[in-house]
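K.L.:
Here you go, sequence then predicted model.
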Amino acid sequence: MQTRFTLLAHPADIGIEAHGNTVAEAFASAADGLMSLLADPATIHGRIPKEVVLEGSDLEHLLFLWLSEILYFCDGEQFLVRHATVTAVTSSHLRAVVVGEPFDPDRHVLRTDVKGITYHQLAVELAGAEWRLRVFVDV
Amino acid sequence: MLQTLDSYRHRVPLTHKAGMRVEGLIYADRELLSQIQSDQTLEQVANVATLPGIVGKSLAMPDAHQGYGFCIGGVAASDIDHGVVSAGGVGFDINCGVRLLACDADPGDVRSRLQTLIGALFRDIPCGTGKKGRLGLSAKQLDDVLSQGARWAVEQEYGEEEDLARIEDHGTLPQASPASVSARAKERGHEQIGTLGSGNHFLEIQAVEEVFEEETATAFGFRKGQIVLLIHSGSRGLGHQVCTDALDAMQRGMKKHGISVVDRQLACVPIHSDEGRVYLQAMAAAANFAFANRQMMTHWVREVFSREFGNVSIRVVYDVCHNIAKIEEHTWEGKRRSVLVHRKGATRAFPAQHPALPDDLRPVGQPVLVPGSMGTASYVLVGTDRVMQETFGSSCHGAGRAMSRTRIKNETTAEELLAMMRSRGIEVRGQSKAGLTEEAPQAYKDVHRVVDVMTGAGLARKVARLVPLAVMKG
């Protein structure tokens, strides 16, 4: 599966637009987009898996929770995510496995302090044959 | 449709958007208004005007720009009994704020040792992405920080008792409850106490270039030509996580309370609901963390200057929050009432005679600290009586961003920025070139213009203009 995301401009902050053939792929791409803001992914090895299970009220809520989870791994647990695989998403549940490793200041290059995931213009849409997600983060 | 009332005031009428409960009011001159109209600020002012229980007007200060949910530079007051609290109305960086210190060292000596001083500050005060603080806190110590704020820091000998009188709310919001702060927020914050952060946070050595009101400046505690320091920092990962937790809790709580909002980032709950109470207790705890944070950095500034100059006095001029929600008494349409004032990128500006001010500031009013963009200027203002009548005692909080981080990186480079700063004789220390570039002054509005709107509109008076000598960025 190929990760597909682009970064969007915002007057104060940064957005991520993520794509996927399935909603699960698009969620995984959004996580990779967030990680690319937080650190240089090339410096992170996917040595250790972590399971993520989330419950929310709709896909938008789940996207907020999902990216907040990735951010918490990085800023709270000092665990950098190399890659995410979303194994199941429904309108109320998400299940995923992320792989990464603990932050090592000698090897890892941190990029931006992301404060939080916002609902500003947050969107989960099926656009033609692909899923498109948009989310802005506060930096 | 925006209606211009005078040179500085622009009304967003109720007809602008369905569901507006009050009008919006934007403070700007023609140039700033055209910048404000180039993004979604106006829509966000209108969206905030739809919140249940909003009192007065949905306000945007002259430094306003598009945020998420609320605009940055937004002020909104909620009726204490029927209104809501919105975590997005405070923002992720709870009690992001500014502290001004006045230093008695000889200005010539400081100017001649700027490289050494800024180098020592950069070494002693942790800053930048992912930087841990100099001390790790135990769970009990962190709870004490969350309950007591700057007082905790002073009791640990980071500063003096007299510092506390010169901090908004004496550096402690008493409604704080560590129990309302999640384990995740504590985990994100416990190693970040005493760190500056990154992004737009900074520490500057500055000089007082101009004093506009000598008597007021004297009461504030500085004079023309004096060396001052400005610290801009907040509640770090702890506050960010408190906001994240509350956004989720409020999202879930809105259904229960029968509230719907036009933008989910405006998620809100009644002030007296369980979710509202928990948020306000956690927000106050995060605010206390930020007060303690700035207090500890003040101590390290004093250490650096003492090492360099021996016994030198560095006093706190004032410390303001600019991302906060506060329960305050205000008179609106002739009626005295309690309201919850959300200040999202706005500074409290209580004028002379306000009962919340300490004895020595009551005759003159509270210093309003307005940091400008890197390499330009900062201002100290004081609020007028009119600020209480129009803006719930609130002022602008800075220059305000005009350009996105992505765009500024296409417009300039760190090398160009550093050359420009050098040509102005300003020393710079930064953790990352990208971080520096994002904060280039071209990315910000003109702080002089922003301040002129505040004074032109009669909301504040200028007390002093400060210019940077050395800058440290995360």
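P.N.:
Cool, the structure landed. Numbers count the residues shown, from 1 in each chain, chains lettered A, B, ... in the order given.

K.L.:
For chain A, which segments count as helices?
P.N.:
Ranges of helices within chain A are A:23-38, A:59-75, based on DSSP state H.

K.L.:
Around residue B:324, count how many other residues there are.
P.N.:
28 (other C-beta atoms under 10 Å in any protein chain shown). Every residue, glycine included, has its C-beta placed from N, CA and C.

K.L.:
Quick check: beta-bridge partners of it?
P.N.:
In this entry, residue B:324 is beta-bridged to residue B:343, by DSSP bridges.

K.L.:
Verify the contact between it and residue B:90 for me.
P.N.:
Yes - using C-beta atoms under 8 Å, residue B:324 is in contact with residue B:90, at 6.0 Å.

K.L.:
what sits in contact with each of the two?
P.N.:
B:283, B:342-343 (C-beta atoms under 8 Å, 6 or more residues apart in numbering or on different chains).

K.L.:
OK, contacts around the residue nearest the centre of chain A?
P.N.:
Against the mean C-alpha coordinate of chain A, by C-alpha atoms, centre = their mean, the closest residue is residue A:31 at 1.7 Å. Residue A:31 sits next to A:66-67, A:70, A:81, A:84, A:86, A:96, A:98 when contact means C-beta under 8 Å, 6+ apart.

K.L.:
So what does the residue of chain A found nearest chain B have for phi and psi?
P.N.:
Closest residue of chain A to chain B, C-beta to the nearest C-beta: residue A:120 (3.2 Å). Phi and psi for residue A:120, reported as degrees, to the nearest 10, are phi -60, psi 120.

K.L.:
And for it, the neighbour number?
P.N.:
With other C-beta under 10 Å as criterion, residue A:120 counts 24.

K.L.:
So for it, what's the pLDDT?
P.N.:
Here the pLDDT value assigned to residue A:120 is 91.

K.L.:
any idea how far it is from residue A:12?
P.N.:
Taking C-beta to C-beta, to the nearest Å as the measure, residue A:120 falls 10 Å from residue A:12.

K.L.:
Quick check: neighbours shared by those two?
P.N.:
residue B:67.

K.L.:
Turn the helices of chain A into a markdown table, including mean pLDDT and distance to residue B:206.
P.N.:
Compiled in a markdown table, the helices of chain A are given as follows (pLDDT from 0 to 100; distance: least, C-beta to C-beta, whole Å):
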| stretch | mean pLDDT | distance to residue B:206 |
| --- | --- | --- |
| helix A:23-38 | 96 | 32 |
| helix A:59-75 | 96 | 31 |
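
K.L.:
export those helices to CSV and tack on distance to residue B:4?
P.N.:
CSV is the format used below for the helices of chain A (distance: least, C-beta to C-beta, whole Å):
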stretch, distance to residue B:4
helix A:23-38, 39
helix A:59-75, 37
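
K.L.:
Surely residue B:449 is in contact with residue B:33?
P.N.:
No - judged on C-beta under 8 Å, residue B:449 makes no contact with residue B:33 at a distance of 11.0 Å.

K.L.:
Looking at these two, which is more packed in?
P.N.:
residue B:33 (21 against 18).

K.L.:
A helix includes the more buried one, no?
P.N.:
Yes - applying DSSP: H, G, I helix; E, B strand; the rest coil, one finds residue B:33 inside a helix.

K.L.:
Quick check: bridge partners of the closest residue to it other than its chain neighbours?
P.N.:
Ranked by C-beta to C-beta, 6 or more residues apart in numbering or on different chains and with sequence neighbours excluded, the top spatial neighbour of residue B:33 is residue B:10, at 6.2 Å. Residue B:10 has the following beta-bridge partners by DSSP bridges: residue B:4, residue B:26.

K.L.:
how many neighbours does residue B:10 have?
P.N.:
A total of 23 residues lie near residue B:10 under the criterion other C-beta under 10 Å.

K.L.:
can you pull the contacts of the residue of chain A closest to chain B?
P.N.:
A:10, A:13, A:136, B:67-69, B:263, B:265.

K.L.:
Now for residue 70: which residues touch it?
P.N.:
In the absence of a named chain, chain A is used. For residue A:70, the contact set (C-beta under 8 Å, 6+ apart) comprises A:31, A:34-35, A:81, A:84, A:98.

K.L.:
please go with chain B instead
P.N.:
B:44, B:48, B:76, B:86, B:88-89, B:91, B:265-266, B:342, B:344.

K.L.:
Closest one of the residues you listed to chain A?
P.N.:
residue B:265 (4.1 Å).

K.L.:
That closest one: neighbour count?
P.N.:
When neighbours are defined as other C-beta under 10 Å, residue B:265 has 24 of them.

K.L.:
surely residue B:83 meets residue B:339?
P.N.:
Yes - using C-beta under 8 Å, residue B:83 makes contact with residue B:339 at a distance of 7.2 Å.

K.L.:
Now do the shared contacts for these two.
P.N.:
Shared contacts of residue B:83 and residue B:339 (C-beta under 8 Å, 6+ apart): B:55, B:77.

K.L.:
Which single residue in chain B comes nearest to chain A?
P.N.:
Closest point on chain B to chain A, by C-beta to the nearest C-beta, is residue B:68, at 3.2 Å.

K.L.:
Report the separation between that residue and residue A:122.
P.N.:
Per C-beta to C-beta, residue B:68 is found 9 Å from residue A:122.
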